[in-house]
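In: Make a model of this:
(2 chains)
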Number of protein chains: 2
Amino acid sequence: MNEQIGELNPPDRLMLTPGPSSIHPRVYRAMSSKMVGHNDPWFVSMVMNEVQVLLRQVFRTENRITFPISAAGSGGIEAAMVNPLEEGDEALICVNGTFSQRMADIAERARARVTPVSAPYGRAVDPEDVRRAGKGKKVKIVGVTHGESSTTVASPIEEYRKVADELGAILVVDCVSTLAGMPVDVDGTPIDICFSGTQKALGAPPGLSPITVGARAEEILRSRKTKVQSWYFDLTTTMNYWGKERTYHHTPGIPLIYAFREALRMVMEEGLEASWERHRSNHHAFIAGIEAIGLKPFVTDPARRMMTVTAIEIPEGIDGKKLQKQMLDEFDIEIAGGLGPLKGKIWRVGIMGYTSQRKNVLLVLAALEKALSDQGFRVPAGAGVAAAIRFFSETRAATAVK
Amino acid sequence: MNEQIGELNPPDRLMLTPGPSSIHPRVYRAMSSKMVGHNDPWFVSMVMNEVQVLLRQVFRTENRITFPISAAGSGGIEAAMVNPLEEGDEALICVNGTFSQRMADIAERARARVTPVSAPYGRAVDPEDVRRAGKGKKVKIVGVTHGESSTTVASPIEEYRKVADELGAILVVDCVSTLAGMPVDVDGTPIDICFSGTQKALGAPPGLSPITVGARAEEILRSRKTKVQSWYFDLTTTMNYWGKERTYHHTPGIPLIYAFREALRMVMEEGLEASWERHRSNHHAFIAGIEAIGLKPFVTDPARRMMTVTAIEIPEGIDGKKLQKQMLDEFDIEIAGGLGPLKGKIWRVGIMGYTSQRKNVLLVLAALEKALSDQGFRVPAGAGVAAAIRFFSETRAATAVK
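Out: Prediction:
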C-alpha cells in the first residue's frame, strides 16, 4: 500500500470557504523558515514578543494576557469557557448557529448552569431576550459569537456589553470569523475575553486561536476556587510561558507561529481600518453580484451580515452539492455548504484575509454564473460580474482597496 | 514599534533538545505545499487516509481510532485521560517525572480518584508498587509514560500491561518521546490508549499529537454515562471527522498534517526497525562519548535509558546554563536543561528523528568538550569523539545506520 503513498501533490485551490482561506506567499515563506526550539532565546525574546505586540494591535487591547492558543478556533471557545466558569456558575449564551451552540455545549461540559438565549438561524439574538433571561440570576458570563459563520450573521457586540454590565457579568466574544475583517475593539467596547482563529480574516493557516483576557476576567481566573478542568487550556499557566517568565508549559507549533507573525505583520502594514474597509467593500460587491444573478443572501437584514463570509440560499431545483463540485472541478474554487439544519439549504462563501480581493469577487461570481447556468438556472448573462464591476467603479478610494 | 518588526530571520540551529528536533528539508517542503481546505475531497479522501495508514504502521496497530489530535503532546495526555475517565473513577498513574506528573494532574482535573505510584526521578516505577496500589480497588486505568523525557527514563511497558490485566484496567501509555525511536507495539503489547508527539523521533514539527485507541478502550468511551468534559479533546466526536463520515469537527492545522504525512512516509521508507536501530546505535555512541569525557548519564541503569533523549548530570563546579549558552552561541546547537526539581542539575540532549545521525553525535560531543574545557573541566582531549568513533567502527551493518 505504501508504494502508492507518494510525494504530496496538492491541487491549486482558491479557498473561498468560511475558513481556511488561501494564504499569501509571504506567509508560506515565513512558515517554512528554519525552525528553532520553543525555548530558543531568539524565539522567546524576539518572536514571541513581536507576535504579542502585533496581536494586541489587531485586538485593539493592552491586555497582558494576549497570545495564540495552540489549537483550532474551537479550542479558543473551550479556553474562553472553562477558564472563567466553575461548577454551578450561571452562563447566558446567545445561540444562533452551530458555533454559538458549541459555546453553550462547552459551557455545559464545564458544569456551568447554562441558559441558551436563542434566535432563529439567520438572525442575531435579541439583547432584550438576554436581559430577560438574566433577570434575578447571578450571571457570571454572557457569551456571544460575533460572526456566526454557520449562518453568516454578525451580532452587535455593544448591545450585549450593555446587558452584561446590567447583569454584572463579563462578556465573552467569539471573533473567530471576524477579527481583522470587521471592527472589533477589545479595550473600547470593552470585551472581557475575546478569541479568534488564524485561518480566516487574519490570513494565516489554521491551528492557532489567539485570545485576550481583560483585567476583570483575569481577576476571575485568579480567584477561582477550583483548578480549571482543562490542563491544556488553562490560561493562567499557559500565560507563564507567554508571560514574562517564559516558563515551559507545552510545545507550541513553531511554524504556525512563524506564519501567524507574518500574517499579523501584513494586517498591520495594511492597517486595521483599511483591512476592515477592504472586507466591507468586497463583501458589498459580492452581495451586489449575487443579487444581480438572482440569488438571495440567507441573512435578510444587511446590518446583520458578516463582512467576511456570506451565506446564499440554494435556489429551488438546484443541486447545491453538485454546484460545489463543479466549482471545484472546473475552477479550483472551494466554497462551502451549510452545517447541521442548514445542510443542503445554503452555500457559504468566504471572501476574507488574503482572498478578500476584487479579482476573487469577480471570479467567484463568474464561476457561480457558469455553474448555475449548467443546472438550468436562468441567469441574466454576465449580470453578477457586471454588478460587482459597477460597485467597484462607484466605490471611492478604489486604489486603497484590492 | 512595528517598524522594528521586520522579516522573520531565524538563526540556523541544530536542535538537540528533548523536542522539537530539527526536521528534514523534505518535511519543510511538504509543509509549505499549497494549502487546501479541510473538507477538500483530495484532502479527505487522499491525505487523511494516507496519514492514517502510515500512522497505524508506526503505532503497529489496526485500531480504527488512529489519528493526529490538533494539539501538542500535552493535548494527547489530556485526550487520553478525559476520554476514558469519569468522575470518581480509579486511576493509577506511574509518576517519575514532569510529564507523568502532568498525566496525574490531568486525571485529577477529570475528577478521577488518582493514586500516583511514584519512583525517584531517574528510575522507572516498580510494577510491583502499581500492583500493590491497585489491590482491592476497581481500577479503570493504569497510566504510564514510556519515555519520561524530563529524566530520560524508559519504562518497561509490558510489565505494566501485566499488572493492568490483573487489575482489570486498561493501559494508557504516553509515547510522546519514544514513538519511532524505540520499540512500541500497540497491538502486540497491547496498549489500550497510546499517544505521541510529532516533534520528537517522528521528525515533524510540533503541533500534533497522534493517538490510537483499541477496541476495549473504545467500548469504554462509547458506554460513558456523562459527556467528555472537553469538547475539543472528545475522541468519539473528533473521530467523526477522521472516521468514514468525515463530518466536520474542528479545522485542523493543514500544513502540519502535510508535514506529518511526509515525516511518516520517511519513517516507513527507512523501516520502523531500522529507525529504532538508528536511534539505539546513536544513543549508545553518545553514551560512550560522554562517559569518555568524564560525564555521567543521569539514569544509572542502562536498561532504563531512553534511546531518544539522554540526561547528563552537570558536574560539580560547572555552570550548566552558561554551557548551554555557549553551545548555542558558538555552535548553534540547542540542548536543554532540567525541568522542575532537576533544574540546574542536568542537561538533556535529544538525538532523535532527523537529528539522530552519526555526524550530530560527533559534533555535539566535540562541542561539549570545547565548552566544558572553557569552564576548566578537565576533559581528556578528544576522548568523547574518539569513543563514539570507536563505537561506530565496531558497530556492524554500519551502512544501514546514519
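
In: so who does the residue of the stretch 301-402 of chain A found nearest chain B touch?
Out: Residue of the stretch 301-402 of chain A nearest chain B, by CB to the nearest CB: residue A:334 (5.0 Å). Every residue, glycine included, has its C-beta placed from N, CA and C. By CB atoms under 8 Å, 6 or more residues apart in numbering or on different chains, the contact list for residue A:334 reads A:13, A:14, A:15, A:16, A:17, A:324, A:327, A:328, B:36, B:37, B:39, B:40.

In: taking the residues you listed one by one, which sit in helices?
Out: Members of the contacts of residue A:334 lying in helices (criterion: DSSP state H): A:324, A:327, A:328.

In: And residue A:214, what's its pLDDT?
Out: Looking at residue A:214, its pLDDT stands at 98.

In: Identify the residues contacting it.
Out: Residues near residue A:214 by CB under 8 Å, 6+ apart: A:61, A:63, A:170, A:186, A:187, A:190, A:191, A:192, A:193.

In: any chance you could map the strands in the stretch 201-350 of chain A?
Out: Using DSSP state E, counting those that start in this stretch, the strands of the stretch 201-350 of chain A run over residues A:209-213, A:309-313, A:333-334, A:336-337, A:346-350.

In: What is the burial count for residue A:113?
Out: 17 (other CB atoms under 10 Å in any protein chain shown).

In: just residue A:145 next, same as before
Out: The burial count for residue A:145: 32, using other CB under 10 Å.

In: Could you pull up phi and psi at it?
Out: phi -100, psi 110 (degrees, to the nearest 10).

In: ok, what's across the strand from the residue of the stretch 301-402 of chain A closest to chain B?
Out: Beta bridges link residue A:334 to residue A:15, judged by DSSP bridges.

In: What confidence value was assigned to residue A:3?
Out: 67.

In: Just want the residue of the stretch 251-400 of chain A that's nearest chain B.
Out: Across the stretch 251-400 of chain A, no residue is closer to chain B than residue A:253, which sits at 2.7 Å (CB to the nearest CB).

In: for that residue, phi and psi?
Out: Per degrees, to the nearest 10, the backbone of residue A:253 is at phi -80, psi 90.

In: Show me which residues of the stretch 201-350 of chain A sit near chain B.
Out: Counting by CB under 8 Å from any CB of the partner chain, the positions of the stretch 201-350 of chain A adjacent to chain B are A:205-208, A:227-233, A:248-256, A:258-259, A:261-262, A:265, A:268, A:325, A:328, A:334, A:336, A:339.

In: Narrow those residues to just the buried residues.
Out: Buried members of those, scored by 16 or more other CB atoms under 10 Å in any protein chain shown, are A:205-208, A:228-233, A:249-256, A:258-259, A:261-262, A:265, A:268, A:328, A:334, A:336, A:339.

In: Quick one: the helices in chain A, in order.
Out: Along chain A, the stretches classed as helices by DSSP H are A:25-31, A:41-42, A:48-59, A:73-82, A:98-109, A:127-134, A:157-167, A:215-222, A:235-242, A:254-270, A:272-293, A:320-331, A:358-374, A:383-394.

In: By mean pLDDT, point me to the weakest helix or strand of chain A.
Out: Within chain A, judged by mean pLDDT, DSSP states H and E, the helix or strand with the poorest mean is helix A:235-242; its value is a mean of 92.

In: Next, the angle strand A:209-213 makes with that helix.
Out: In terms of direction (axes from the mean of the first three to the mean of the last three CA atoms, to 10 degrees), helix A:235-242 departs from strand A:209-213 by 110 degrees.

In: Let me see the domain layout of chain A.
Out: Domain assignment for chain A by automatic domain parsing gives A:25-269, A:271-400.

In: Among the ones you listed, show me which one is buried the most.
Out: Highest mean neighbour count of these: domain A:25-269, a mean of 22 (counted as mean count of other CB atoms under 10 Å in any protein chain shown).

In: Good, wrapping up.
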